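My questions are about this predicted structure, shown below with the sequence.
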Amino acid sequence: MGFSVTAVTVIVLALNPIANAFSLTNKNALTTPHQRHHHKDHATIVHSSSTNQSKSSSSPPLPPTAEKCRDATSISHRANSVESFKVMDVLQRANELEASGREILHCEVGQPETGAPATVAEAAVAALTKDNPRDVLGYTDAFGLMDLRKRIAGHYLAKYEGIDESVVDVSQIVVTTGSSGGFLLAFTSCFDVGDVVAVASSGYPCYRNILSALGCELATIGINREFKITAKELGEEIARRREAGGGEKPISGLILSSPSNPTGAMLSPEELKGLCELCDEEGIQFISDEIYHGISYGKKEATALTYSKSAIVINSFSKYYSMSGWRLGWMVIPSKLIPPINALQQNMFISPPTISQTAAMKCWDDDTISELETHVNKYRQSRDIILNALSKLPHAEALQLAPSDGGFYVYVDLGDENVPDPTTMGSVALCRAFLEEEGVAFTPGVDFEDPEGGLGNRRFRISYAGGVDTVTRAMERFTTFWPLWRERARGGVKLT
């Protein structure tokens, strides 16, 4: 009896590999229990590339001239389907202009202007100059250094209320290669090809891009007037799919961040609790991206771990801890995911960067926290500078600003009045002109918006991670640029 086997497709991306993502044409082939641990009834099999083979392989090989050769540099359909991370495209152009000798003010990327805290940097130097550097440069366990995992567990118990100690047992804490490694581990351990994962209509683009590369289907849920997804919005999408009958698959997962990138909106503890409870009731795997925790401006931060034992929490040392280039993050996972995530981590990453782990153990020292809180104070000052400048722009009443409750971004909707023709003179053209003409890099909203929503070209994001001086001068230039741009846009003058 013959069968069809799909060629295994592996995507390897520098630093953030999307590996071991494959699909099978035979539904019964190589399916293990942990690969189908939930939503078995709606997991689908997608044909990527297949060859029909008979059970017998006794036929002689074809001569070299008759073999069907594949171009060694051919690119998979999956890789071609992945959109670029637009903010990195903006950064690339900004760096090119900078290399040509121009001064560029960077308000595009979410990278703190400060380096790692002094205590962290000193710990790294000390570790690298000790007598036996192998102790800090060799592999660690796949889940990371035990001492670091204990400190992460202690951080949750000290900072947040109502967490059951069993939820942050060290066996359930995984140190990762940045939050990006955490996303990949979460997605590949929880979802199969064809599973439906819900994302916000305004959100971090890499959720959408990685999930699509892995063959998942996306359910885009529109944010509410407060730029949030709550149990109300998720519940409406669940109900809509049920009412559609067999034409719509149920939702397998939900990923969102609070504070949000790009909007800065934060879920209240009550809103987060409602989402966790609904996901648990519906069998939806909730992945809570809490990477911007620690950077908030008056509202109370809450973690999904307080309200659910099934949620996955992902965090990073890149934002609050100011260690973006050290490529270190962590996950807190349900106990049932320990075996599959351990296997995936071993195969995809081996272990997280050892020197980064060693230095990160200083992150919760008193001196470190004192330094990091001075960063938050600077972010608050920069945020106020931007909001004040935007409020004083001509026709500012047409602008709609997201809440900016946390993180280090201000997200701006230009409004219909300021975008008479979004196809040619929207936020993409605005950001391009502002960079080329005034030397300031903002990120257009097409990086963050649902491609089918039509809002990407009327929104843009300003990052204030780059420091008070950078933000001050950037907004001075924007204050001068804005009325000229608005006149140009309304007159239909295009950027050449």
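Nice, thanks for sending it over. Residues are numbered from 1 along each chain as shown.

So which residues of the stretch 101-250 of the chain form helices?
Under the criterion DSSP state H, counting those that start in this stretch, helices of the stretch 101-250 of the chain are mapped to 118-128, 134-137, 146-159, 178-190, 205-213, 231-243.

tell me the helices in the stretch 251-400 of the chain, going along the chain?
Per DSSP H, counting those that start in this stretch, the stretch 251-400 of the chain carries helices over the ranges 269-282, 338-348, 354-360, 366-391.

returning to what we had before: nearest to Leu328 among the helices of the stretch 101-250 of the chain would be which one?
Taking C-beta to C-beta, helix 178-190 is the member of the helices of the stretch 101-250 of the chain nearest to Leu328, at 6.4 Å. In short, each C-beta sits where N, CA and C put it, glycine included.

and the angle for that closest one with helix 205-213?
Inter-element angle recorded for helix 178-190 and helix 205-213: 30 degrees (by axes from the mean of the first three to the mean of the last three C-alpha atoms, to 10 degrees).

Give me the angle between helix 178-190 and helix 338-348.
Using the same axes, to 10 degrees: helix 178-190 against helix 338-348 is 120 degrees.

re the thing from before, ok, and which of the helices of the stretch 251-400 of the chain has the densest surroundings?
Sort the helices of the stretch 251-400 of the chain by mean neighbour count, taking mean count of other C-beta atoms under 10 Å, and helix 354-360 sits at the top with a mean of 23.

Tell me which other helices or strands that helix touches.
Helix 354-360 sits against helix 118-128, helix 134-137, with contacts defined as 3 or more C-beta pairs under 8 Å, 6 or more residues apart in numbering; DSSP states H and E.

can you tell which of those is closest to Glu236?
With C-beta to C-beta as the measure, helix 118-128 is the member of the helices and strands packed on helix 354-360 nearest Glu236 (44.2 Å).

starting at the chain centroid, how far to the closest one?
Relative to its chain's centre, helix 118-128 lies at 28 Å (C-alpha atoms, centre = their mean, to the nearest Å).

Give me the angle between that helix and helix 366-391.
Going by the same axes, to 10 degrees, helix 118-128 makes 130 degrees with helix 366-391.

Mind exporting the C-alpha coordinates of helix 118-128 to PDB?
Taking Å, rounded to 0.1, in the frame of the first residue of the first chain, the C-alpha atoms of helix 118-128 are listed here in PDB:
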ATOM      1  CA  ALA A 118      26.500  48.400  35.700                       C
ATOM      2  CA  THR A 119      26.100  45.400  38.000                       C
ATOM      3  CA  VAL A 120      25.200  43.200  35.100                       C
ATOM      4  CA  ALA A 121      28.100  44.400  32.900                       C
ATOM      5  CA  GLU A 122      30.600  44.000  35.800                       C
ATOM      6  CA  ALA A 123      29.300  40.400  36.400                       C
ATOM      7  CA  ALA A 124      29.900  39.500  32.800                       C
ATOM      8  CA  VAL A 125      33.500  41.000  32.800                       C
ATOM      9  CA  ALA A 126      34.300  39.200  36.100                       C
ATOM     10  CA  ALA A 127      33.000  35.900  34.700                       C
ATOM     11  CA  LEU A 128      35.000  36.200  31.400                       C
END
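
list the buried ones in that helix?
Within helix 118-128, the residues that count as buried by 16 or more other C-beta atoms under 10 Å are Thr119, Val120, Ala123, Ala124, Ala127.

who touches Val419 in this structure?
By C-beta atoms under 8 Å, 6 or more residues apart in numbering, the contact set of Val419 is Met425, Gly426, Ser427, Asn457, Arg458, Ala489.

Neighbours of the fourth one, how many?
By other C-beta atoms under 10 Å, the residues close to Asn457 number 22.

Show the backbone phi and psi for it.
Backbone torsions of Asn457, given as degrees, to the nearest 10, read phi -90, psi 10.

quick one: the closest residue to it other than its chain neighbours and Phe460, what's the gap?
Distances taken as C-beta to C-beta, 6 or more residues apart in numbering place Gly426 nearest to Asn457, at 3.3 Å, with adjacent residues excluded. Per C-beta to C-beta, to the nearest Å, Gly426 is found 9 Å from Phe460.

Which neighbours do the two have in common?
Both Gly426 and Phe460 are contacted by Leu414, Pro444, under the criterion C-beta under 8 Å, 6+ apart.

Quick check: which element contains Val412?
According to DSSP states H and E, Val412 maps onto strand 409-413.

now Arg473
Using DSSP H and E, Arg473 sits within helix 468-491.

can you tell me which residues contact Trp482?
Leu393, Pro394.

What's the separation between it and Ala396?
Distance from Trp482 to Ala396, by C-beta to C-beta: 9 Å.

cool, Ile238 as well?
Distance of Ile238 to Ala396, given as C-beta to C-beta: 38 Å.

same question, Val376
Distance of Val376 to Ala396, given as C-beta to C-beta: 27 Å.

hmm, back to that, export the helices of the stretch 251-400 of the chain to CSV and tack on mean pLDDT and distance to Gly115?
Converted to CSV, these look like this (pLDDT from 0 to 100; distance: least, C-beta to C-beta, whole Å):
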stretch, mean pLDDT, distance to Gly115
helix 269-282, 98, 32
helix 338-348, 98, 28
helix 354-360, 96, 12
helix 366-391, 97, 11
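
Please identify which of these is closest to Gly294.
helix 366-391 (7.1 Å).

report the angle between the axes of that closest one and helix 468-491?
Going by the same axes, to 10 degrees, helix 366-391 makes 30 degrees with helix 468-491.

what's helix 366-391 packed up against?
Looks like helix 366-391 contacts helix 118-128, strand 409-413, helix 468-491 (3+ C-beta pairs under 8 Å, 6+ apart).

quick one: average confidence on the strand holding Val412?
The average pLDDT for strand 409-413 rounds to 97.

how far does it sit from the chain's center?
Worked out by C-alpha atoms, centre = their mean, strand 409-413 lies 17 Å from the chain centre.

And for Glu236, the neighbour number?
For Glu236, the neighbour count with other C-beta under 10 Å is 12.

which of Ile238 and Ala396 has more neighbours?
Of the pair Ile238 and Ala396, Ile238 is the one with more neighbours under other C-beta under 10 Å, namely 21 against 14.

who's in contact with that one?
Neighbour list for Ile238: Pro250, Ile251, Leu278, Glu282 [criterion: C-beta under 8 Å, 6+ apart].

Tell me if I'm right that the first one and Ala244 touch.
No - Pro250 lies out of contact with Ala244 (C-beta atoms under 8 Å); the separation is 10.4 Å.

more crowded one of the two?
Pro250 (16 against 10).

Hmm, the residue nearest to Asn457 is touching Arg458, no?
Yes - Gly426 lies in contact with Arg458 (C-beta under 8 Å); the separation is 5.5 Å.

Find residues that contact each of those two.
Common neighbours of Gly426 and Arg458 (C-beta under 8 Å, 6+ apart) are Leu414, Val419.

For Ile462, give me phi and psi.
Dihedral pair for Ile462: phi -110, psi 120, per degrees, to the nearest 10.

how much space between the nearest residue to Ser189 once chain neighbours are set aside and Phe191?
Among residues not flanking Ser189 along the chain, Pro340 sits closest, at 4.6 Å (C-beta to C-beta, 6+ apart). Distance from Pro340 to Phe191, counting by C-beta to C-beta: 12 Å.

still on that earlier bit, so which of the helices and strands packed on helix 366-391 is nearest Glu449?
Distance to Glu449, taken as C-beta to C-beta, is lowest for strand 409-413 among the helices and strands packed on helix 366-391, at 10.2 Å.

Can you pull out the low-pLDDT segments for the stretch 351-496 of the chain?
By pLDDT under 70, the weakly predicted segments of the stretch 351-496 of the chain are 492-496.

hang on, the earlier thing: adding distance to Ala359 and mean pLDDT, write the helices and strands packed on helix 354-360 out as JSON lines.
Listed next are the helices and strands packed on helix 354-360 as JSON lines, based on distance: least, C-beta to C-beta, whole Å; pLDDT from 0 to 100:
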{"stretch": "helix 118-128", "distance to Ala359": "4", "mean pLDDT": "94"}
{"stretch": "helix 134-137", "distance to Ala359": "9", "mean pLDDT": "71"}
